[in-house]
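>>> One predicted model, sequence on top.
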Amino acid sequence: MIQNDKFTEREIINRILEGEKALYEIIVRRFNPFLYKVGRSYNYNHEDTQDLMQESFIDAYKNLVQFEGRSDFKTWIIRIMMNNCYHKKGKSNFKNEIMQAVDENSKPIFTSANNDTDNIVQNRELGYIIEQALGKIPIEYRMAFSLREINGLNVSETAKLLSISEANVKVRLNRAKTMLRSEIEKTYSAGELFEFNLIYCDRMVECVMKKINQL
């Protein structure tokens, strides 16, 4: 296994583009949890989400030269995953919604940014309850919540990914929080939702790198 935390994304990308293809393993391991949460937030099951992740990692590799660093790499690769989710469901955009007054200083419900699956205590029963609750929320609110609260993107990044205004992001977050607060705020942290276990991470790395090496 290649050391995951030694390089910045820019350094990794430059070295991959210069021919160090094996370093793409770092990208896969680093962003597995984020792409998994996106796929699950679209109500795809575990198997379909893994297929979409693999497709997205391959797409990102093929288009790596196009990443210009204008946005954060995490935002860029999440957008690829979202586009693949849209395509699979046959949806490419969201409907506009009526603006509401929102708290401009709104912060995420959960402040923990820990995405280390080794350190997460699993509560399968409660996780199932929360997953089911999220699945009942309309997709536009579910994705705003997923990107902002579960994947930890800021309001600006979330707005760009959803192609809506920052104010609309806050509207959707407020509505999503109203729907979910009673289930989520009890004892469970957003970062624990839809975790991509390390045993699956190894399998994903193996599948992606095998396909990349065939390109």
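Yes, it's here.
>>> dump the residue contacts of V169.
By C-beta atoms under 8 Å, 6 or more residues apart in numbering, V169 lies in contact with A144, R148, V155, T158, A159, L162. C-beta here means a position set from N, CA and C on the backbone, and glycine is covered the same way.
>>> out of those, which is most surrounded?
When neighbours are counted by other C-beta atoms under 10 Å, A144 leads those with 30 neighbours.
>>> Wait, it touches A167, no?
No. A144 lies out of contact with A167 (C-beta atoms under 8 Å); the separation is 11.9 Å.
>>> Could I get the contacting residues of R79?
The contact partners of R79, by C-beta under 8 Å, 6+ apart, come to L161.
>>> how about the helix or strand that it is a member of as PDB, C-alpha atoms only?
Taking DSSP states H and E as the definition, R79 sits inside helix 73-89. Only the C-alpha atoms of helix 73-89 are listed here, as PDB (Å, rounded to 0.1, in the frame of the first residue of the first chain):
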ATOM      1  CA  PHE A  73      -9.800  18.300  -6.300                       C
ATOM      2  CA  LYS A  74     -12.400  16.800  -3.900                       C
ATOM      3  CA  THR A  75     -15.100  19.000  -5.500                       C
ATOM      4  CA  TRP A  76     -13.900  18.100  -9.000                       C
ATOM      5  CA  ILE A  77     -14.100  14.300  -8.400                       C
ATOM      6  CA  ILE A  78     -17.300  14.500  -6.500                       C
ATOM      7  CA  ARG A  79     -18.800  16.300  -9.500                       C
ATOM      8  CA  ILE A  80     -17.800  13.400 -11.700                       C
ATOM      9  CA  MET A  81     -19.500  11.000  -9.300                       C
ATOM     10  CA  MET A  82     -22.600  13.100  -9.200                       C
ATOM     11  CA  ASN A  83     -22.700  13.300 -13.000                       C
ATOM     12  CA  ASN A  84     -22.600   9.500 -13.200                       C
ATOM     13  CA  CYS A  85     -25.300   9.300 -10.600                       C
ATOM     14  CA  TYR A  86     -27.400  11.700 -12.600                       C
ATOM     15  CA  HIS A  87     -26.800   9.800 -15.800                       C
ATOM     16  CA  LYS A  88     -27.800   6.500 -14.200                       C
ATOM     17  CA  LYS A  89     -31.100   7.900 -12.900                       C
END
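>>> Right, I'll leave it there.
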